[in-house]
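K.L.:
Sequence first, predicted model second:
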Amino acid sequence: MNGEPTSCAITSAISGYVRMAAMTEGQAQRRGLVEWMALTIDCPEPNVMAQFYATLLGGKVTRQTSDGANVDAAGRLLNFRAAPDYKPPTWPSPEVPLHSHFEYVVEDPDAVAQQLLLLGASLAQHQDPDDPHLVVMLDPAGHPFCLIRSSAARRH
């Protein structure tokens, strides 16, 4: 184990949802047994992903190398790790499983989606026709994420 955390490869170990909420410093108190430090995401181009998520979250790229990049987003750390053999999830098809995804609360999902398309995101082929408050998108590496209208966020 050479002293390095092995739990950082969260994308290869977790099936389900990762919810991330921006908190003010006063709100960022430990609520569980642990304090969330970082999410590590495997991808083919860490620097592209870091720039995308820094812009998306209003964060700052704090490190860029050929094998990884980091973003500080409101005190939450996102690590992007180079994975040359990375295959994006094929959700909703189970061919390549979805490991995790972000859900973001926004005032106007359609308007935010248009801005994110300019940053390199794409609209997911699968959209929920029964939920007009939800837009599913893919980041530049193909990881799905959701934009949820703030007035409907409590139902998700």
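P.N.:
On my side now, so go ahead.
K.L.:
and stretch 80-90, what's its mean pLDDT?
P.N.:
Throughout stretch 80-90, pLDDT has a mean value of 92.
K.L.:
now do the same end-to-end measure for it.
P.N.:
Terminal residues of stretch 80-90 lie 20 Å apart, using CA to CA, to the nearest Å.
K.L.:
Which residues does that stretch contact?
P.N.:
9, 40-47, 49-50, 53, 66-71, 96-99, 138, 141-144 (CB atoms under 8 Å, 6 or more residues apart in numbering). No exception for glycine: its C-beta is placed from N, CA and C like everyone else's.
K.L.:
Tell me the buried residues in it?
P.N.:
80-83, 86, 88-89 (16 or more other CB atoms under 10 Å).
K.L.:
Greatest separation within these: which pair is it?
P.N.:
Spanning the widest gap among the buried residues of stretch 80-90 are Ala82 and Pro89, at 17.9 Å by CB to CB.
K.L.:
What sits closest to the residue nearest the centre of the chain if chain neighbours are left out?
P.N.:
Nearest to the geometric centre of the chain sits Phe102, at 4.4 Å (CA atoms, centre = their mean). Using CB to CB, 6 or more residues apart in numbering and skipping the chain neighbours, the partner closest in space to Phe102 is Phe145 (4.3 Å).
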